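In: with the sequence up front, the predicted model follows.
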Amino acid sequence: MGRDQDTMVRLDHGAIGNGRVLALVSPTSAIDWLCLPRFDSPSVFGRLLDAKKGGTFRFLSQGRELRGQLSYVRNTNVLSTRFEAADGAFEVLDFAPRIPDGLSVRVPYQLVRLVRPLSGQPRIRVDFDPRPDYARAPVALVPSENGLVVEWGGVPLHLHTNAPIPYLLAGQDFVLQSQTYFVLTYGRPSDPPSLARALWELDLTVAGWRAWAKTLALPRYGAEAVLRSALVLKLHAYHDTGAIIAAATTSIPEALGTPRTWDYRFCWLRDAAFTAEALRRVGHLAEGAQFLTFLRNVALSGPLQPLYAIDGARDAVEEMLPHLAGFADNGYVRVGNAAAEQRQNDLMGEIILCLETLLGDPRLVHDDREAYFPLIEQLVEEAITAAPNRDTSIWEFRTMLGHYTFSRAMCWAAVARGAKLARLLGQPAKAERWEAIAAQERAVVLERGYSERLGYFTQSLEGASPDASNLLLPTLGVIDARDPRFVSTLEAYERLLVEGGLMMRYRSLDDFGETTSAFTICSFWWAEALALVGRLDAAAEVFERTLRYANPVGLFSEDIDPKTGALLGNFPQAYTHVGLIHAAITIADLIEARDGTVRAWT
């Protein structure tokens with residue numbers, strides 16, 4: 001049965017995963033998005049992008065979907081959905097096993113579903129409808145001794161269960177008399193699944209996530225939101241290489257009825273660097289250390305590009321999938337991303353900032369820190385060369401090359417922070433040269449990026465349009481937040497860029513015309529900027545107002561429709577949760593400075 005239009009456009013899902021598996025689960029129990037065997041593989045369940053033929057895995061009551069109460073098991077990435085049906089109540093627990101194993105974890109290509117009767121005699125029907133290869137592959141469900149084998153021309157999927165197999169094949173209702181398990185495995189599982197094993201893995205997965213969460217250094221302000229954000233960011237880190245993807249999905253539009261759809265299942269070096277830094281700020285450094293390994297590997301493969309596949313491959317050829325109806329029948333389903341071929345001059349700065357914090361953090365032991373200097377030198381020299389040249393900006397305009405203020409500021413950051421790293425690593429001559437160049441670049445940003453006539457930093461040098469990315473200039477160190485030029489910029493942006501209480505990216509036309517959705521991280525940048533200029537009460541108001549747009553389990557997509565409050569854009573969006581973490585920590589630090597309170601739960 002299909003979903004109605006209202007349900008179809010909601011991003012009210014929870015995310016589960018373990019570093020190899022990443023799935024989205026609806027409050028109706030439907031797994032609407034799962035790609036195997038990698039985050040960027042073709043979908044197995046893709047109903048998010050086609051309600052009729054995308055494929056899903058759900059539990060029905062009396063032949064229809066129920067909306068249950070979806071929540072995370074506290075301090076974990078395990079989901080619980082509770083249903084009240086006419087004939088009884090039941091619970092579905094969903095997780096990807098993440099089993100502590102000494103100093104590491106075991107993360108199989110596996111997804112586990114446990115269905116528990118809670119009261120009465122609930123009858124359920126299992127709708128197991130895999131549609132591999134973006135619903136292009138013919139599928140055969142073949143009964144096995146303890147489940148089903150999904151044969152489709154690729155590596156078979158195995159569904160092990162103690163539910164009656166004939167009922168699954170026939171789509172027949174049965175009474176849920178006891179706990180029923182479903183274990184979906186890519187390939188043949190190494191150990192035969194069973195109910196006892198599924199329950200054991202649930203307990204260990206819950207304990208493992210709670211142990212991970214327990215070591216977070218949380219700010220006292222916004223602590224619950226920061227905790228959930230850290231947990232969801234961890235789901236975006238690919239276990240095998242250290243790559244960090246931008247989002248779990250592809251082609252959820254920035255605005256309905258538009259071709260603004262992109263594939264975010266790639267590792268943007270910018271987003272990954274900021275994600276690593278956000279996790280470091282809450283006490284988790286392993287993800288950053290793994291990302292550094294990924295970064296060194298891709299740097300050796302040739303000139304850096306904005307994004308890579310999660311195995312480090314450079315190829316991200318973009319193509320359309322016209323056979324899929326798209327999210328909410330929007331169309332424009334894309335896989336691959338042509339942004340891999342763009343020139344984005346901010347890139348080097350963001351990576352240098354990441355290197356600076358990770359190499360300078362005394363909690364991380366580097367056997368040979370000096371071995372990173374060739375990469376640092378490569379990035380700094382690329383930034384020096386790129387600085388005076390046009391690029392596509394942080395917003396990845398496809399045809400609008402320009403001299404963007406934020407890109408120039410990030411080139412400054414690359415050179416200035418590179419000079420600090422050069423001194424740290426015993427390269428004083430390089431440091432001295434780069435410091436002189438950095439001073440020149442900072443002057444360019446301050447003199448040509450700020451309009452005295454308009455009273456704000458502009459999107460491009462000597463331009464006229466506002467751009468929310470300039471709210472980051474104080475956090476980069478380009479300008480003090482109390483400088484009148486930044487204060488007037490913030491005030492101007494509140495007049496020019498805020499719609500419905502949310503901060504827009506920009507107002508200027510782009511490749512696709514007018515942008516109508518608010519890019520969610522911009523509102524968190526706004527909150528952080530307000531805190532930095534001393535408007536703490538206003539900062540808290542913006543932060544808390546933006547938090548209210550999170551879905552019922554605390555997750556954000558990339559965009560919000562200011563008119564309806566609907567979440568749009570790819571989901572869950574790592575960059576948004578990064579902005580949330582940074583804003584909360586900054587607000588907490590400044591509240592501590594004002595009130596003399598303790599900042600973090602440690």
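Out: All right, it came through fine.
In: mind listing the helices for the stretch 501-602 of the chain?
Out: Along the stretch 501-602 of the chain, the segments classed as helices by DSSP state H, counting those that start in this stretch run 520-532, 536-547, 574-595.
In: could you check the angle the longest one makes with helix 536-547?
Out: It stands for helix 574-595. 150 degrees (axes from the mean of the first three to the mean of the last three C-alpha atoms, to 10 degrees).
In: elements contacting helix 574-595?
Out: strand 218-219, helix 223-235, helix 269-281, helix 520-532, helix 536-547 (3 or more C-beta pairs under 8 Å, 6 or more residues apart in numbering; DSSP states H and E). (C-beta placed from N, C-alpha, C; glycine too.)
In: also the shortest one?
Out: Judged by 3+ C-beta pairs under 8 Å, 6+ apart, helix 536-547 is in contact with helix 520-532, helix 574-595.
In: tell me which of those helices is the most buried.
Out: For those, average neighbour numbers computed from mean count of other C-beta atoms under 10 Å are highest in helix 520-532, which has a mean of 26.
In: chain center to that helix: distance?
Out: 18 Å (C-alpha atoms, centre = their mean, to the nearest Å).
In: need the strands for the stretch 151-300 of the chain, in chain order.
Out: Counting by DSSP state E, counting those that start in this stretch, one finds strands in the stretch 151-300 of the chain at the ranges 157-161, 174-175, 180-186, 218-219, 267-268.
In: please work out which residues outside the first one touch it.
Out: Just to be clear, that refers to strand 157-161. Strand 157-161 has contacts (C-beta atoms under 8 Å, 6 or more residues apart in numbering) with 36, 44, 128, 130, 132, 144, 146-150, 168, 180-189, 192-194.
In: and those residues, which are buried?
Out: 36, 44, 128, 130, 132, 147-148, 150, 168, 180-186, 189, 193 (16 or more other C-beta atoms under 10 Å).
In: now distance to Ala246 and mean pLDDT too, for the helices and strands packed on helix 536-547, in CSV please.
Out: CSV is the format used below for those (distance: least, C-beta to C-beta, whole Å; pLDDT from 0 to 100):
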stretch, distance to Ala246, mean pLDDT
helix 520-532, 12, 98
helix 574-595, 6, 95
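In: which one of those helices lies closest to Tyr372?
Out: helix 574-595 (22.9 Å; C-beta to C-beta).
In: still on that earlier bit, indicate which one of the strands of the stretch 151-300 of the chain is closest to Leu292.
Out: Nearest of the strands of the stretch 151-300 of the chain (C-beta to C-beta): strand 267-268, 12.9 Å.
In: can you tell me which helices and strands the closest one packs against?
Out: Using 3+ C-beta pairs under 8 Å, 6+ apart, strand 267-268 is in contact with strand 307-308.
In: which strands or helices does the strand it packs on pack on?
Out: strand 267-268.
In: the lowest-mean-pLDDT helix or strand in the chain: what's the following helix or strand?
Out: Least confident helix or strand, the chain: helix 5-8 with a mean of 40, by mean pLDDT, DSSP states H and E. On the C-terminal side of helix 5-8, the nearest following helix or strand under DSSP states H and E is strand 14-17.
In: so what are the sheet partners of that following strand and their directions?
Out: Strand 14-17 has its sheet partners listed here by DSSP bridges as strand 22-25 (antiparallel).
In: now Met504: phi and psi?
Out: Backbone torsions of Met504, given as degrees, to the nearest 10, read phi -80, psi 160.
In: that one - how many residues pack around it?
Out: Counted with other C-beta atoms under 10 Å, residues neighbouring Met504 total 22.
In: also Gly501?
Out: Neighbour tally, Gly501, other C-beta under 10 Å: 16.
In: does it touch Arg545 like I think?
Out: Yes - with contact defined as C-beta atoms under 8 Å, Gly501 reaches Arg545; the gap is 5.5 Å.
In: Val149 - that's part of a strand, no?
Out: Yes - assessed by DSSP: H, G, I helix; E, B strand; the rest coil, Val149 belongs to a strand.
In: for it, which non-adjacent residue is spatially closest?
Out: Val142 (4.5 Å; C-beta to C-beta, 6 or more residues apart in numbering).
In: checking my notes, the one you found in a strand, right?
Out: Yes - under three-state DSSP, Val142 falls within a strand.
In: which one of the helices of the stretch 501-602 of the chain lies closest to Leu216?
Out: helix 574-595 (10.2 Å).
In: so Gln121 makes contact with Ala86?
Out: No - contact between Gln121 and Ala86 fails when scored by C-beta under 8 Å: they sit 10.6 Å apart.
In: how about the contacts made by Arg136?
Out: Contacts of Arg136 by C-beta under 8 Å, 6+ apart are 42, 323.
In: for Tyr109, see how far away it is.
Out: Distance from Arg136 to Tyr109, counting by C-beta to C-beta, to the nearest Å: 21 Å.
In: coming back round to it: Thr475: which of the strands of the stretch 151-300 of the chain is closest?
Out: strand 218-219 (15.9 Å).
In: mind jotting down where the helices sit in the stretch 351-500 of the chain?
Out: Using DSSP H, counting those that start in this stretch, helices in the stretch 351-500 of the chain cover 373-386, 405-424, 428-448, 473-476, 484-496.
In: touching the shortest one from outside, list them.
Out: Okay, so that is helix 473-476. 349, 353, 409-410, 412-413, 445, 457, 479-481, 486, 528-529, 532, 582, 586.
In: CA-only coordinates of that helix in CSV, if you can.
Out: The C-alpha atoms that make up helix 473-476 are tabulated as CSV, following Å, rounded to 0.1, in the frame of the first residue of the first chain:
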residue,chain,number,x,y,z
LEU,A,473,34.7,35.4,9.5
PRO,A,474,35.2,35.9,13.2
THR,A,475,35.5,32.2,14.0
LEU,A,476,38.2,32.0,11.3
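In: start and end of stretch 61-74, how far apart?
Out: Stretch 61-74 has its terminal residues 27 Å apart, counting by C-alpha to C-alpha, to the nearest Å.
In: in that stretch, what counts as buried?
Out: Per 16+ other C-beta under 10 Å, stretch 61-74 contains these buried residues: 61, 65-66, 68, 70-73.
In: kindly report the same for stretch 236-245.
Out: Under 16+ other C-beta under 10 Å, the buried positions of stretch 236-245 are 236-239, 241-245.
In: for the residues you listed, give me a markdown table that also has distance to Ala574 and pLDDT.
Out: Shown next, in a markdown table, are the buried residues of stretch 236-245 (distance: C-beta to C-beta, whole Å; pLDDT from 0 to 100):
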| residue | distance to Ala574 | pLDDT |
| --- | --- | --- |
| His236 | 5 | 98 |
| Ala237 | 9 | 97 |
| Tyr238 | 12 | 98 |
| His239 | 16 | 97 |
| Thr241 | 16 | 97 |
| Gly242 | 14 | 96 |
| Ala243 | 12 | 97 |
| Ile244 | 7 | 97 |
| Ile245 | 7 | 98 |
